[in-house]
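Visitor: below are the sequence and a predicted model; questions follow.
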Amino acid sequence: MSKVLYISASPRTMSVSNQGARIFLEALGDNIEVEHIDLFKRNLPEVTEEITSAKVHFMMGSTMSMEEQRQWNQVLQLVEELKQADHYLIAVPMWNFSLPYKLKHYIDLVNHPNLTFARDENGPRGIIGGTATVIYSRGGDYSPKNEQPDPLDFQSTYLRAWLTSIGVSPINEFLLQQTMFGPDAIKNAIDAEANRLRELASNI
């Protein structure tokens, strides 16, 4: 049985990005297990001095204090949850040209050497693997320009770089744009990608 990890990064249950994700989820086959991380409801640990010290001890193979180990175990649990998935569905709105802070918080908690990526004589390589579907919602149009990312798009560029760095490939991206222009614009944006979302989900 394949497992989809659905990561939603909006505080609004019916946000545009989550509406797109719902289309994808409803088209999945019966043999797919889905786990949902709602980043605005999940109680994520803070990145503390103890966690950052524990990271150094982990990298160096040295001994952690009891409190460092306790807090580092929370990181390990999040990474294990990430590793168990075969496919990642990430629904993310654009906030101030970038990601909601909760998604950045999550990435900062799980992304560590020898947990999500490693380095050897050939350079860095991802060790998580899997494939991804990423649904971006944007108030305006931040489509690529002249085959280059829009200069104000720090949303898809960042998330794609992170997913690539941990070994996720391919990354299927869906742009739900111009959502600030009202219900008709939102419907048009979702409808334009709905069939492609369903087709991709049916082949997971």
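Guide: Alright, I've got the coordinates. Numbers count the residues shown, from 1 in each chain.

Visitor: buried stuff in stretch 90-101?
Guide: For stretch 90-101, burial by neighbour count (16 or more other CB atoms under 10 Å) applies to 90-95, 98-100. All C-beta spots, glycine's among them, are computed from the backbone N, C-alpha and C.

Visitor: farthest pair within the residues you listed?
Guide: 91 and 98 (15.5 Å; CB to CB).

Visitor: low-confidence ranges in the chain?
Guide: Residue ranges of the chain with pLDDT under 70: 1.

Visitor: run through the neighbouring helices and strands of the lengthiest helix in it.
Guide: When the chain is parsed with DSSP state H, its longest helix is helix 183-202. Under the contact criterion of 3 or more CB pairs under 8 Å, 6 or more residues apart in numbering; DSSP states H and E, helix 183-202 touches helix 16-26, strand 131-137, strand 171-176.

Visitor: and the helix or strand following the second one, how far out from the chain middle?
Guide: I take that to be strand 131-137. Using DSSP states H and E, the helix or strand that follows strand 131-137 in sequence is helix 156-165. Distance, stretch centre to chain centre, for helix 156-165: 9 Å (CA atoms, centre = their mean, to the nearest Å).

Visitor: so what touches helix 156-165?
Guide: By CB atoms under 8 Å, 6 or more residues apart in numbering, the residues outside helix 156-165 that reach it are 88, 90, 92, 98-99, 103, 107, 111, 116-117, 124, 126, 132, 134, 136, 142, 149, 171, 173, 175.

Visitor: picking up where we left off before, so what angle separates the directions of the longest helix of the chain and strand 131-137?
Guide: Following axes from the mean of the first three to the mean of the last three CA atoms, to 10 degrees, one obtains 180 degrees for the angle between helix 183-202 and strand 131-137.

Visitor: in helix 183-202, what's buried?
Guide: Neighbour-count burial for helix 183-202 [16+ other CB under 10 Å]: 185-186, 189-190, 193-194, 197, 200-201.

Visitor: which secondary structure element is home to the residue nearest the centre of the chain?
Guide: The residue lying closest to the centre of the chain (CA atoms, centre = their mean) is residue 90, at 4.7 Å. Secondary structure assignment for residue 90, by DSSP H and E: strand 87-93.
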